[in-house]
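Enquirer: Build me a model:
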Amino acid sequence: MARANAKQLGAYYTPPPVVTTLVRWAVRDPSDRMLDPSCGDGRFLATHQNSVGIEHDGAAAHEATERAPGALVHEGDFFAWAAHTAERFECAAGNPPFIRYQTFKGEVREQAIALCARLGAKFSGLSSSWAPFLVATASLLKPGGRLAFVVPAEIGHAPYSAPLLEYLVEHFDCVHVVAFREKVFPQLSEDCWLLYADGFGGSTSEIRFSAQTKFHFMPSPPRRFSAIPTSDWRSVWQRRLRPFVLSAAARDLYAAVLAAPGTRRLSDVASVGIGYVTGDNDFFHLRPSVARELNIAPRFLLPSVRNGKALPRRSLTGAVVERWRAADEQMLLLRLPKGGDLPLEVQNYLDSEDGKEARKAYKCRMRDPWYSVPDVQVPDLFLSYMSGLEPSLVQNAAGCTCTNSVHSVRLKEGTSASRLLSLWDSAFVKLSCEIEGHPLGGGMLKLEPGEAARVALPAPAALAAADASTIDDALTTMRTWRHYGA
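Expert: Alright, predicted model coming up:
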C-alpha cells in the first residue's frame with residue numbers, strides 16, 4: 001500500500017516526548033480505554049495498549065497495527081465511524097489532521113459538520129479539519145473523561161476555533177491551552193500548542209492559558225496559567241487566546257485604552273475591503289509599452305497596485321506611478337465596461353490567443369461578459385494584506401486601483417486621511433494590528449478585512465496616559481511570537 005501524501009492527509013507525526021506528555025496525563029489507570037481519532041503510525045497507541053485508533057490511510061493503519069499490536073485499529077473515515085459507534089472512552093489523545101478547508105471538502109466535510117451540529121458545535125465551511133475532529137472525539141468520552149491533543153496555534157485566533165472552544169467550556173470542568181513560542185514541529189511553518197480538557201459532562205466559565213518559551217516533558221499541564229473568564233474572551237478579546245502571550249500589564253493597558261471614551265475601531269472611520277479579482281492577472285494587466293503597441297486608449301487603462309511590495313511609505317503619488325511607467329511595469333488594468341461596443345483594437349486583444357486562453361479561467365467563465373472585471377475601486381488609502389515588520393497604510397494620491405493582494409480603504413465622511421495616517425504610526429496601533437491580525441508563517445503578519453476593521457484607534461488622552469515602555473515591550477513580544485526576524 002502506497003502511503004498517501006502526508007500534507008494532503010494533514011499527517012505530521014508527533015515527537016515522542018510530546019506523545020508521552022499527553023498520554024501520561026490522559027491515562028489515569030491501566031484499565032482506561034484511550035481513543036486516538038487519527039492514529040497515523042500508532043505512536044500514541046503504542047504508549048497505552050488498551051487503545052483504539054482510527055486511520056484513513058491504509059499504509060499508516062497497517063504500520064500502526066504493527067507498532068501497537070495490543071491496540072485495535074480501524075481503517076476508515078473517523079467521522080463516519082464516530083457517527084455510528086457505541087464505544088465510549090475514559091480518555092482520548094493524539095494529533096488530529098490539520099487539513100485546511102480547501103482540501104477538507106466533499107462528503108467527508110459535510111458529514112463532519114453535520115455531526116458536530118448535532119452535538120451543538122456549528123462550524124462554517126471554512127473550518128479546517130482538526131477542530132471538528134476534537135468535537136467529535138469529545139462526544140465519545142464517558143462522564144469525567146479527558147482530552148489531551150496537539151493543536152495548531154490557530155486555536156488562538158482562527159474564527160473556526162471559537163465553536164470548538166465554546167463546545168469545550170460547555171462540556172468540560174477544565175479547559176487548558178498551553179502555547180509555545182518555539183516550534184514543537186521545527187519542520188512546519190505553523191506553530192503547534194497543546195490542549196487539555198478534563199471532566200467531560202461538566203462546564204467551566206474560564207479558559208486556562210499558559211505561555212511558555214519551548215516545549216519540555218511535563219506530566220501535567222503547567223500550574224502557572226492565566227484564568228481567562230469566557231465573558232472577557234468573547235467580548236474584549238474577540239474569542240482569541242493569542243493576546244494572552246502578553247503580560248497582564250500589557251493586556252490591562254490595551255483593554256483600558258479600548259474602553260476609553262473616544263477610542264474607535266478602524267471600521268468606525270473607514271470601510272476595509274479586498275481589491276478586484278481578474279481571473280488572469282497577466283492578461284488583464286498590461287505594460288505601458290504593450291498598451292501603446294496595441295493602441296489601446298488610455299480611458300480603458302487604470303494604474304493598479306498589484307501587491308503590497310509596490311506601496312511606498314504613506315503616500316502613493318503620481319510621481320511614483322510615472323516611475324512604474326518608465327520602468328515599463330505590468331501595472332495598467334484593462335478596465336472594460338459591461339455593455340456597449342468596444343474599439344477594434346480592444347476587441348482584437350480580447351480575440352487574441354492570450355484572450356482565448358484567459359476566458360477559460362474560472363473567474364472569467366463565471367462572469368458576463370468575461371472581460372469586464374468587477375469591483376474595481378479607487379480607494380482613499382491602501383492597506384497591506386500581509387506584512388513583515390508592520391502593515392502599511394498608504395494614501396492613494398495617484399488615483400490608482402488595487403488587486404485583492406492589497407486592501408482598499410474608503411474613508412467615511414468627516415474622517416481626515418492625514419490624521420488617520422499620523423495615528424497609524426503610533427506604537428499602540430502597531431500593537432493593535434498584531435493583536436487583531438494573526439501570524440501567517442515565515443514571520444509574516446496577516447490582516448483579513450474583518451481583522452483590519454477591528455484595529456483600535458486610541459483616544460489621544462488615553463494614548464498620552466498609556467505607558468510607552470509597556471506598549472513597546474508588548475509589540476516586541478507579539479513580533480517574537482510570530483517569529484518575525486527569526
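Enquirer: only C-alpha atoms for contact and neighbour calcs from this point on.
Expert: Noted.
Enquirer: Could you pull out the helices in the stretch 301-450 of the chain for me?
Expert: Counting by DSSP state H, counting those that start in this stretch, the stretch 301-450 of the chain has these helices, from start to end: 318-326, 344-350, 353-358, 362-365, 417-424, 427-436, 449-453.
Enquirer: I misspoke; the intended subject was the stretch 1-150 of the chain.
Expert: Along the stretch 1-150 of the chain, counting by DSSP H, counting those that start in this stretch, helices occupy 6-9, 16-26, 58-67, 78-84, 106-119, 130-138.
Enquirer: among those, which gets the worst mean confidence?
Expert: Looking at these, the lowest mean pLDDT belongs to helix 6-9 (a mean of 40).
Enquirer: out of the helices of the stretch 1-150 of the chain, deepest packed?
Expert: Most buried of these by mean neighbour count (mean count of other Cα atoms under 10 Å) is helix 130-138; its value is a mean of 24.
Enquirer: Can I get it in CSV? Just the C-alpha atoms.
Expert: Presented in CSV, the C-alpha positions along helix 130-138 are these (Å, rounded to 0.1, in the frame of the first residue of the first chain):
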residue,chain,number,x,y,z
TRP,A,130,-8.8,19.4,13.3
ALA,A,131,-11.5,21.4,15.1
PRO,A,132,-14.5,19.2,14.1
PHE,A,133,-12.2,16.2,14.9
LEU,A,134,-11.9,17.3,18.5
VAL,A,135,-15.6,17.9,19.0
ALA,A,136,-16.5,14.5,17.6
THR,A,137,-13.8,12.9,19.7
ALA,A,138,-15.1,14.6,22.9
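Enquirer: re the thing from before, now the helices of the stretch 1-150 of the chain in TSV, with distance to H407?
Expert: Listed next are these as TSV, based on distance: least, Cα to Cα, whole Å:
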stretch	distance to H407
helix 6-9	30
helix 16-26	40
helix 58-67	43
helix 78-84	38
helix 106-119	30
helix 130-138	29
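Enquirer: Determine which of those helices approaches S432 most closely.
Expert: The closest of the helices of the stretch 1-150 of the chain to S432 is helix 130-138. By Cα to Cα, the value is 26.5 Å.
Enquirer: Report all helices and strands that the closest one contacts.
Expert: helix 78-84, helix 106-119, helix 161-171 (3 or more Cα pairs under 8 Å, 6 or more residues apart in numbering; DSSP states H and E).
Enquirer: tell me the angle the last one makes with helix 130-138.
Expert: With axes from the mean of the first three to the mean of the last three Cα atoms, to 10 degrees defining the directions, helix 161-171 sits at 20 degrees from helix 130-138.
Enquirer: Just give the strands next to the helix or strand just after helix 161-171 in its sheet, each with its orientation.
Expert: Following the chain from helix 161-171 toward its C-terminal end, the next helix or strand by DSSP states H and E is strand 172-180. Sheet pairing of strand 172-180 (DSSP bridges) gives strand 192-200 (antiparallel), strand 206-212 (parallel).
Enquirer: List the buried residues in the helix or strand following the last one.
Expert: Right, strand 206-212. Once the chain leaves strand 206-212, the next helix or strand it forms, by DSSP H and E, is strand 226-229. Of the residues in strand 226-229, S226 count as buried by neighbour count, 16 or more other Cα atoms under 10 Å.
Enquirer: which other helices and strands contact strand 226-229?
Expert: Checked by 3+ Cα pairs under 8 Å, 6+ apart, strand 226-229 has strand 206-212 packed alongside it.
Enquirer: In this structure N95 contacts T14, no?
Expert: Yes. Here N95 lies in contact with T14, judged by Cα atoms under 8 Å, at a distance of 7.0 Å.
Enquirer: between the two, who's got more neighbours?
Expert: A direct count of neighbours by other Cα atoms under 10 Å for N95 and T14 places N95 higher, at 28 against 17.
Enquirer: who touches the nearest residue to that one once chain neighbours are set aside in this structure?
Expert: Nearest residue to N95, sequence neighbours excluded (Cα to Cα, 6 or more residues apart in numbering): V150, at 4.9 Å. Residues near V150 by Cα atoms under 8 Å, 6 or more residues apart in numbering: 94-96, 192-195.
Enquirer: May I have the strands that pair with the biggest strand by length in the chain, each with its orientation?
Expert: In the chain, assigned by DSSP state E, the strand with the most residues is strand 141-152. Strand 141-152 has these partner strands in its sheet, going by DSSP bridges: strand 89-94 (parallel), strand 192-200 (antiparallel).
Enquirer: Pull the distance from the shortest one to the chain's centre.
Expert: Chain-centre distance of strand 89-94: 27 Å, with Cα atoms, centre = their mean, to the nearest Å.
Enquirer: Can I get that strand as PDB, trimmed to CA atoms?
Expert: Extracted in PDB, the C-alpha atoms of strand 89-94 (Å, rounded to 0.1, in the frame of the first residue of the first chain):
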ATOM      1  CA  PHE A  89     -13.700   6.000  26.300                       C
ATOM      2  CA  GLU A  90     -12.200   7.300  29.500                       C
ATOM      3  CA  CYS A  91      -9.700   9.400  27.600                       C
ATOM      4  CA  ALA A  92      -8.500  10.500  24.100                       C
ATOM      5  CA  ALA A  93      -5.100  11.700  23.000                       C
ATOM      6  CA  GLY A  94      -3.400  12.400  19.700                       C
END
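Enquirer: Many thanks, I have nothing further to ask.
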